[in-house]
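Chemist: compute the structure for the input listed below.
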Amino acid sequence: MSAGTRPLRVGVVGCGVMGTDHARLLARQVSGAVLTRLTDLDAGRARSLATELGARTSADGPSLIAEDDVDAVVVASADATHSALVLAAAAAGKPVLCEKPLAPSLQEAARVVRSLEADGAERLVTLGFMRRVDPAHVELRDALRSGAVGTPLLVHGTSRGVSAGPGATSEGLITGSFVHEADSVPWLLGSPVTHVCWQAPRRSAGGPELQDPQLLLLRTADGVLTTVDVLLGARYGYDICCEVVGDAGAVALSGATHATSLTTRSADLLRTSAYAADWRPRFAEAYRRELQAWVDGVHGLPAPALATARDGLVAAAVCDAAVGSMRAAVDGAGPWVPVVVPA
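Modeler: Just a heads-up that it's a prediction; the model follows:
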């Protein structure tokens with residue numbers, strides 16, 4: 001930020017786990033910004049966090065967006081509220097960083113993007129696909145761009161958590177977890193996903209209404225085949241992996257980015273690994289970089305490219321195809337479904 005430039009005054013909508021982390025980063029670790037406002041359905045939670053961080057509270061999301069001391073907005077509230085808040089911020093001419101998804105359905109995401117583009121406001125909206133600035137993913141992408149493995153042929157990804165949250169659904173595994181791969185795989189390869197196929201093995205102990213794990217197969221326009229296993233009830237820890245196999249080698253995210261391996265002399269000659277309980281330790285730096293890039297971009301400074309509203313629409317279309325394959329599945333095997341991005 002150049003000398004004399006006023007810090008970006010940011011309001012955060014939603015003070016759950018994600019919103020609280022964003023608020024603390026903005027208040028303590030992001031240069032060029034100052035946290036001014038918070039709001040949450042739990043007013044007491046918002047007040048407590050505001051006291052901690054020296055901010056003020058607003059009654060709700062729309063009123064926070066309208067505040068004179070808010071220049072830009074972070075939306076980290078419930079998924080169903082995202083589209084209305086994004087459109088409200090854009091209508092007020094205020095940049096907004098919205099956590100994924102842009103909207104809870106493909107149809108609603110398309111409506112939001114059409115509205116933004118019709119008003120020339122798409123430049124105001126950024127989607128929270130933080131893997132685009134995660135150091136390990138950036139390094140992996142750079143390796144592919146350099147030709148280190150030759151021509152990519154296969155991608156293998158894993159998306160695992162300790163346990164599924166309350167009320168988790170089979171579709172929610174796709175739209176809430178796999179959505180990250182729906183964005184990161186085409187970003188890594190530089191090629192759009194054209195078809196998706198859903199497969200399912202036997203269920204874990206997640207309950208009769210939840211198909212966990214799931215296996216998603218993706219074909220991109222460059223001919224690469226990707227496999228992604230999604231398992232929220234892995235129990236052993238939070239584990240995100242990605243390997244790209246080419247015709248001249250293979251490159252993978254380093255386990256050191258999210259796990260500590262320990263090899264010891266013992267009767268069983270075991271090698272053990274300790275994993276985080278959730279996504280925050282693994283992607284803490286990515287979230288900080290994402291917020292810093294967003295703030296720098298608003299100030300007109302050089303910054304890494306972040307995901308746009310249209311990127312959010314494309315990811316929603318990939319997830320919609322995956323859900324369509326799941327719904328058409330017979331004995332755990334779904335058909336290949338084309339990805340159709342609404343105009």
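
Chemist: does the spatially closest residue to Gly11 that is not a sequence neighbour belong to a helix, a strand or coil?
Modeler: Once flanking residues are discounted, Gly11 sits nearest to Arg37: 3.5 Å by Cβ to Cβ, 6 or more residues apart in numbering. Where you see a C-beta, it was placed from the backbone N, CA and C, and this is true even at glycine. When classified by DSSP: H, G, I helix; E, B strand; the rest coil, Arg37 comes out as strand.

Chemist: what's the spacing between Arg37 and Glu139?
Modeler: Look at Arg37 and Glu139: by Cβ to Cβ, to the nearest Å, they are 36 Å apart.

Chemist: over to Arg289?
Modeler: 13 Å.

Chemist: wait, what's in contact with the spatially most central residue of the chain?
Modeler: The centroid of the chain falls nearest to Phe129 when counting by Cα atoms, centre = their mean (3.7 Å). Contacts for Phe129 (Cβ atoms under 8 Å, 6 or more residues apart in numbering) come out as Lys100, His180, Asp183, Ser184, Trp187, Leu306, Ala307, Asp311, Gly312, Ala315.

Chemist: and those, which two are the farthest apart?
Modeler: The two members of the contacts of Phe129 with the most space between them (Cβ to Cβ) are His180 and Leu306, at 14.2 Å.

Chemist: now the phi/psi pair for Thr308, please.
Modeler: Phi and psi for Thr308, reported as degrees, to the nearest 10, are phi -100, psi 170.

Chemist: hey, what's it bridged with?
Modeler: Bridge pairing for Thr308 (DSSP bridges) gives the partners Thr126.

Chemist: hmm, Glu122 and it touching each other?
Modeler: Yes - using Cβ atoms under 8 Å, Thr308 is in contact with Glu122, at 6.6 Å.

Chemist: mind listing the strands for the stretch 151-300 of the chain?
Modeler: Along the stretch 151-300 of the chain, counting by DSSP state E, counting those that start in this stretch, strands occupy 152-160, 193-199, 214-220, 225-231, 239-246, 249-252, 259-263, 271-275.

Chemist: hey, least reliable of those strands by pLDDT?
Modeler: Ranked by mean pLDDT, the strands of the stretch 151-300 of the chain bottom out at strand 259-263, with a mean of 34.

Chemist: the residue nearest to Gly11 and Asp71, how far apart?
Modeler: 10 Å.
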